[in-house]
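J.: all I have is the shape, not the residue letters:
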């Protein structure tokens, strides 16, 4: 099966410069795919701090169990990240757990470090244990090819149903020293807030302690990776890592709230937002991007629930696919969320047009306005509940024939 | 746009015999559709008890507001039910509220009774006020054609995207007297538990007080109408009414728990289950019916949440459409529900086959077993969480190209 490249694919992969403290290589391990790379090893110099956010799914894969625990390991050698595509190694029982351990052990034998500190992720089909021997067999050759560039190749190696590789980079100043942030990600289905079928790896040469790094990452995940949804389904493998080598020569910062981190925080947020946008813009079968902005809710959490209800509604998503400014379905999705909402107070915008307000169609609205707007490729739905100050934005995509094609035929 | 008739359509509409205490007529009011009926009036003899369950959507339509209130009216004349298709009269502001009132007033002028006791329902597009004049203009002619049969015609008049009319009938004995239960329903999209885009009207000649009737209806809605889901979307118009004329000559019953009602309760449940099954089997674009049975949950509510998570998952639904026994997506949907679940204790069945247990694929399972089973038109997914005694069953359908066709083009 071939899948058309998303209409939102960027024209080119951005430049991700080499980063002091990190080397990497990719390989064709033949886990499932043929004729493409499916394995990536990232080696982080000793002293690298790591922060992580993992899936909220109650049935996570063996790699997630392993990597969650590895987060707290403090190796005195290098820290390794090993990612394969092709199988997710989820619900694969003892064989799956063994595969993770063998991969970690095999990696440290070749690249150094401690097995219990190796970050491992697998993405692909559920229910098939990873054949660790295929992965481990690649390590010696990979070790001979480790370089500080190759982020593009890494982004390609971890793809599954993605139609383009995803990367982003930014720089920031900390105490007068320029630091760099590079990130790659994959994911295009089984994507919902609270982490998606999504792997994302962000690396920086900044010097931050583990606690500050984790606080920054957790704080910025909400408005970025946790604000996207493709199909409301939540993967068993989601992993987001932030690694800081400390190679940049700036004075230590004292906690994630240190004013010296203000610029870094902004840059990190840009990278995280950019990557998350690239994921939703590669949503399986996407023809239109949907941005749902809910304001006037009783709380931010309530706004978020309403926005997700709209962004995940099959009827809203198919209306957008059909270029139909069907605000009736938006009303339905608002009411379905179960959050405080008063029919006769809320108003609905599509792009610049107010479609409905005060419990009825806006008298100035004409169907031709909505029809013209809906032909755009990026659709903004605004809902003001007029109850309070709560606000949230969620990014989703439409539901098309291509989604069915991809997902009714994924394993064959 | 023409839509193929559901492969699950029954061969014929069942026989719904005339019921003492009820007369009806249908008409072509031309609300939206042309060349078909779109209006139904049911007249219930004085003394008829009525019970109702309405949508949980926080943005209900004007007819729902009106009918909820009308439930408690105690008219000394006849009670009327007026249903139109074509517009839902939802989010239609003052014009919508006026339309409901005008319809009720117009109806009682012709058919008798009190306006504030008229049960009104509208189904169709949201955001368009009902033109009550079109409806009221039909009443005089309809009055001249009122008959005690015509349930088939009524079921046809209330259809929207339904591909077949839905009816069911049963008889029961109360204190040695035979009573009859007739029901009709519509709905095939915007269907989710907690009431669907669904209208259902059930009438009986049994003699029951309002409180007993309501208790019976509420009690039986859970395992019937609230156990189906087509697309997880919840309509703003859902209405389920149960009307008892009391024309049957049996002694009074004392409350819904009266042992004399045991047979009636069973018969009513059969009718409600039959109608709800007909709705999900007419799910928009359905090619396969999905029955999800969750056992071993910590509570029935927890089992229900897990079952709904599976039945509503786009990835599970597309896998079924693709005849793929993709139990990995079932695991994902179990974990996504957020309910207590332990990956290494749960087991998954598809039909008679155990696919996965103890945190890994079942060693006796072969892909050929699943592949053969998935060719059936009715797919049973069983999940045992092995944690407690909670159990629930939810009925859904697959997600196909036809769903996209129907919903990306509904208003045109």
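T.: Right, received. Where do you want to start? Bear in mind that the values here come from a model prediction, so they are computed numbers and not experimental data.
J.: distance from stretch A:175-188 to the middle of the chain?
T.: Remark: stretch A:175-188 is offset 14 Å from the chain centroid, using CA atoms, centre = their mean, to the nearest Å.
J.: pop out the phi and psi values for residue A:166.
T.: Backbone dihedrals for residue A:166, given as degrees, to the nearest 10, come out at phi -120, psi 120.
J.: quick one: it and residue A:184, what's the gap?
T.: 6 Å (CB to CB, to the nearest Å). C-beta here means a position set from N, CA and C on the backbone, and glycine is covered the same way.
J.: find residues that contact each of those two.
T.: Here residue A:166 and residue A:184 share the contacting residues A:155, A:275, scored by CB atoms under 8 Å, 6 or more residues apart in numbering or on different chains.
J.: how about the residues of the stretch 251-400 of chain A near chain B?
T.: A:312-315, A:318-319, A:321-322, A:324, A:326-329, A:331-341, A:343-344, A:346, A:356, A:358-361, A:399-400 (CB under 8 Å from any CB of the partner chain).
J.: any chance of a PyMOL selection covering the buried ones in the residues you listed?
T.: In PyMOL syntax, the buried subset of these is picked out as below (16 or more other CB atoms under 10 Å in any protein chain shown):
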select buried, chain A and resi 312+313+314+315+318+319+321+322+324+326+327+328+329+331+332+333+334+335+336+337+339+341+343+346+356+359+360+361+399+400
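J.: so which of the residues of the stretch 251-400 of chain A next to chain B are in strands?
T.: If you go by DSSP state E, those have A:356, A:360, A:361 in strands.
J.: out of these, flag the one nearest to residue B:80.
T.: Using CB to CB, residue A:360 comes nearest to residue B:80 of these, at 26.4 Å.
J.: for chain B, see how far away the residue lying closest to residue A:103 once chain neighbours are set aside is.
T.: Computed as CB to CB, 6 or more residues apart in numbering or on different chains, the closest residue to residue A:103 that is not its neighbour in sequence is residue A:132, at 4.8 Å. Using CB to the nearest CB, to the nearest Å, residue A:132 is found at 16 Å from chain B.
J.: so which bits of stretch A:10-25 are buried?
T.: Quick answer for stretch A:10-25 (16+ other CB under 10 Å): A:10, A:13, A:14, A:16, A:19, A:21, A:22, A:23, A:24, A:25.
J.: so the second one is in which element?
T.: When secondary structure is defined using DSSP states H and E, no element contains residue A:13, which sits outside every helix and strand.
J.: any idea whether the residue lying farthest from the centre of chain A is helix, strand or coil?
T.: Distance to the chain centre peaks in chain A at residue A:363, reaching 40.9 Å (criterion: CA atoms, centre = their mean). Here residue A:363 is coil, with the state taken from DSSP: H, G, I helix; E, B strand; the rest coil.
J.: check contacts around it.
T.: Going by CB under 8 Å, 6+ apart, residue A:363 touches no other residue.
J.: for residue A:242, name its beta-bridge partners.
T.: Judged by DSSP bridges, the bridge partners of residue A:242 are residue A:51, residue A:202.
J.: that one is in contact with residue A:202, isn't it?
T.: Yes - counting by CB atoms under 8 Å, residue A:242 does reach residue A:202; the two are 4.8 Å apart.
J.: before we move on, the earlier item: next, count neighbours for the residue nearest to residue A:103.
T.: Neighbour count of residue A:132, defined by other CB atoms under 10 Å in any protein chain shown: 23.
J.: quick one: pLDDT of it?
T.: pLDDT for residue A:132: 96.
J.: for the stretch 51-200 of chain A, what lies in contact range of chain B?
T.: Proximity of the stretch 51-200 of chain A to chain B (CB under 8 Å from any CB) is limited to residues A:56-60, A:88, A:90-96, A:125-127, A:129, A:189-190, A:192.
J.: of the buried residues of stretch A:10-25, which belong to strands?
T.: Among the buried residues of stretch A:10-25, DSSP E puts A:22, A:23, A:24, A:25 in strands.
J.: can you read off the pLDDT for the third one?
T.: Just to be clear, that refers to residue A:24. 98.
J.: gap between it and chain B?
T.: Distance of residue A:24 to chain B, given as CB to the nearest CB: 29 Å.
J.: can you report how many residues lie near the closest residue to that residue other than its chain neighbours?
T.: Nearest in space to residue A:24, with sequence neighbours left out and distances taken as CB to CB, 6+ apart, is residue A:42 at 4.7 Å. Residue A:42 has 26 neighbours, counted by other CB under 10 Å.
J.: contacts only, for residue A:42.
T.: Residue A:42 neighbours (CB under 8 Å, 6+ apart): A:22, A:23, A:24, A:80, A:81, A:82, A:83, A:154, A:201, A:203, A:243.
J.: what do you get if the cut-off is 10 Å, keeping everything else the same?
T.: A:22-25, A:48, A:78-83, A:111, A:119, A:146, A:150-151, A:154, A:184, A:201, A:203, A:241, A:243 (CB atoms under 10 Å, 6 or more residues apart in numbering or on different chains).
J.: is residue A:236 in contact with residue B:336, as I believe?
T.: Yes - with contact defined as CB atoms under 10 Å, residue A:236 counts as touching residue B:336 (8.7 Å).
J.: shared neighbours of those two, which are they?
T.: Listed contacts common to residue A:236 and residue B:336 are A:55, A:57, A:58, A:59, A:190, B:329; contacts here mean CB under 10 Å, 6+ apart.
J.: which one (most neighbours) among the residues you listed?
T.: Per-residue neighbour counts (other CB under 10 Å) across the shared contacts of residue A:236 and residue B:336 peak at residue A:190, which has 32 neighbours.
J.: and residue A:243, how far is that from residue B:323?
T.: Residue A:243 is 43 Å from residue B:323, by CB to CB.
J.: after the helix or strand encompassing residue A:273, next one along is what?
T.: Following DSSP H and E, one finds residue A:273 within helix A:262-280. Counting by DSSP H and E, the next helix or strand C-terminal to helix A:262-280 is strand A:289-297.
J.: each with direction, which strands does that next one pair with?
T.: strand A:378-384 (parallel), strand A:390-397 (antiparallel).
J.: would you mark the buried spots in the first one?
T.: Spelled out, it's strand A:378-384. Quick answer for strand A:378-384 (16+ other CB under 10 Å): A:379, A:380, A:381, A:382, A:383, A:384.
J.: going by distance to chain B, which of the residues you listed wins?
T.: Nearest to chain B, judged by CB to the nearest CB, of these is residue A:383 at 10.9 Å.
J.: so what's that closest one up against?
T.: Each residue near residue A:383 by CB under 10 Å, 6+ apart is listed here: A:292-297, A:303, A:306-307, A:310, A:327, A:330-331, A:333-334, A:341, A:346-349, A:356.
J.: and what of residue A:217?
T.: By CB under 10 Å, 6+ apart, the contact list for residue A:217 reads A:50, A:51, A:52, A:53, A:202, A:225, A:240, A:241, A:242, A:256, A:268, A:272.
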